[in-house]
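Chemist: Turn this into a model:
(4 chains)
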Number of protein chains: 2
Amino acid sequence: MAGDDNSVNLESGLAAPAPDAEGTVPRGGSYHHGDLRAAVIAAGMKRLAEGDGSDLGLRALARDVGVSATALYRHFPDKEALLDALADEGLRRLGALQAQAWLKAGGGKAGFLATGIAYVRFAHDEPAIFRLSFTRQMPERYRDGGADGGETAYHLLRAGVAQALPDLDDPEPASLHAWAVVHGLAMLILDHRVEWDETMVEKVVGLTFGVAE
Amino acid sequence: MAGDDNSVNLESGLAAPAPDAEGTVPRGGSYHHGDLRAAVIAAGMKRLAEGDGSDLGLRALARDVGVSATALYRHFPDKEALLDALADEGLRRLGALQAQAWLKAGGGKAGFLATGIAYVRFAHDEPAIFRLSFTRQMPERYRDGGADGGETAYHLLRAGVAQALPDLDDPEPASLHAWAVVHGLAMLILDHRVEWDETMVEKVVGLTFGVAE
DNA sequence: CCTGCCATGTTGCCACCGTAAACATAGCGA
DNA sequence: TCGCTATGTTTACGGTGGCAACATGGCAGG
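Modeler: Numbering: from 1, shown residues only, chains lettered A, B, ... in the order given. Take a look at the predicted model:
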């Protein structure tokens, strides 16, 4: 009872770009539809990536997948749960991008900076997904078990702070500060209170602890 | 044509607590209702202050005010416009609180810190209002004229940065950094990814430019 | 004072939404 | 083969935002 119902694990999960054709009928060997739930989440992510997230909705998602609206209730208790799943998938992607940036930069201060920039860039590139991912998922009301995808992102940040500032008595406020900077910048850009500008983001994130090299 | 239709200016606008009885029929000399629009906005703020903002809605608001649902369309083109008005009022209140904190701290570095903390505290005290205020109000699609309430908040922040760090070649990234810190912290607290803790907030905000005295 | 205008508010309606209940279908184990 | 159960469909209900037609009442011009 701990194997297949918590993690979505659709093809575009972490590492594989997976240039599949459609998200509608991916596999061929399960039940009536194939793998609904995964298909629904894929459709949701697609809508989020293209639209502004306002045109989400049971009926629309169901239509995308080619299934009746109430069919989704076999896989999600209600719409909130579906959105939670989408949010989790979004956080997972964010974490993957950050890890990638960290590795590419070779860790250290450069890596720390790179993860921060990746954070903001993700918000800019996928506004609806980013917003959904963080607006959702409040207390443990919903999540009864299993780690959510957001932990990866925070752990990466924490590790980044630890490497960028090795001599620090209490890393907690520093980590929070760093997180707040990138998250706030991301949100302000999303809400059009600040314009996206790569070099500006570098400057602002670089101001954190004076890490800019 | 520039006198009375852009700013709401209900009793609880900026400075006056205004211990009025109800928000339903405030004045006595206008039209059928008195001053709808202001009454609707007051009702909306009340709902935002008490609930989580999910129970907003034309019908509910109209019921609060004691008016038919479609009556609101005489004052707002659609629901979005109504929410924009509420968002603007929220930003105005935030600006007022920041100004108050700034003055009380006597300006300077202490004032800068105080405005930042006031920003986060406002988000914590009025989550729904804060969230609405910043999630709304995207481009100039809606705002065809008039300054929005958010400018006050940002100008105060900018002034705070200028006073806290007088010798700075380019104040723009620094201002953005400071804004991002408080905004990000506020958002993370709102979304329950960080727990509210007054001293923690002080520490984190104080880390900005090492301003902590 | 009367009369008509126009801003304001009401009633009725429509499409859409989330979701619960009853029904249909199909794969799998006994 | 039979029937259980997971899956998907149909139908229906209350609620929503929003449009159109109608009612109302304060104010201006005669």
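
Chemist: Restricting to C-alpha, output the lowest-mean-pLDDT helix or strand in chain A in PDB.
Modeler: Lowest by mean pLDDT, DSSP states H and E among the helices and strands of chain A is helix A:150-164, with a mean of 77. Provided in PDB are the C-alpha atoms of helix A:150-164 (Å, rounded to 0.1, in the frame of the first residue of the first chain):
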ATOM      1  CA  GLY A 150       8.500  21.300  -2.400                       C
ATOM      2  CA  GLU A 151      10.900  19.800   0.000                       C
ATOM      3  CA  THR A 152      13.400  19.200  -2.700                       C
ATOM      4  CA  ALA A 153      13.500  22.900  -3.600                       C
ATOM      5  CA  TYR A 154      13.900  24.000   0.000                       C
ATOM      6  CA  HIS A 155      16.600  21.400   0.800                       C
ATOM      7  CA  LEU A 156      18.500  22.500  -2.200                       C
ATOM      8  CA  LEU A 157      18.300  26.100  -1.100                       C
ATOM      9  CA  ARG A 158      19.400  25.200   2.400                       C
ATOM     10  CA  ALA A 159      22.400  23.200   1.100                       C
ATOM     11  CA  GLY A 160      23.200  26.100  -1.200                       C
ATOM     12  CA  VAL A 161      23.300  28.500   1.800                       C
ATOM     13  CA  ALA A 162      25.400  26.100   3.800                       C
ATOM     14  CA  GLN A 163      28.000  25.900   1.000                       C
ATOM     15  CA  ALA A 164      27.900  29.600   0.100                       C
END
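
Chemist: Spit out the contact partners of whichever residue of chain A sits closest to chain B.
Modeler: The nearest approach of chain A to chain B comes at residue A:184, 2.7 Å away (Cβ to the nearest Cβ). For glycine as for every other residue, the C-beta is placed from the backbone atoms N, C-alpha and C. Applying Cβ atoms under 8 Å, 6 or more residues apart in numbering or on different chains to residue A:184 gives the contacts B:179-187.

Chemist: 6 Å instead, please
Modeler: By Cβ atoms under 6 Å, 6 or more residues apart in numbering or on different chains, the residues touching residue A:184 are B:180, B:183-184.

Chemist: Take those residues and lay them out in a markdown table including pLDDT and secondary structure.
Modeler: Shown next, in a markdown table, are these (pLDDT from 0 to 100; DSSP: H, G, I helix; E, B strand; the rest coil):
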| residue | pLDDT | secondary structure |
| --- | --- | --- |
| B:180 | 95 | helix |
| B:183 | 96 | helix |
| B:184 | 97 | helix |
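
Chemist: Out of the residues you listed, which is nearest to residue B:117?
Modeler: residue B:183 (13.0 Å; Cβ to Cβ).

Chemist: Is the closest residue in space to residue A:132 that isn't next to it in sequence within a helix or a strand, and which one?
Modeler: In this structure, residue A:132 finds its nearest non-sequential neighbour in residue A:87, 5.2 Å apart by Cβ to Cβ, 6 or more residues apart in numbering or on different chains. Element membership for residue A:87 (DSSP states H and E) is helix A:79-105.

Chemist: That helix versus helix A:150-164: what angle between them?
Modeler: 30 degrees (axes from the mean of the first three to the mean of the last three Cα atoms, to 10 degrees).

Chemist: and helix A:79-105 with DNA strand D, contact?
Modeler: No: shown here: helix A:79-105 not in contact with DNA strand D (Cβ under 7 Å from any atom of the strand), separated by at least 11.8 Å.

Chemist: tell me what that helix is packed against?
Modeler: Packing contacts for helix A:79-105, counted by 3 or more Cβ pairs under 6 Å, 6 or more residues apart in numbering or on different chains; DSSP states H and E, involve helix A:38-50, helix A:108-125, helix A:127-135, helix A:150-164.
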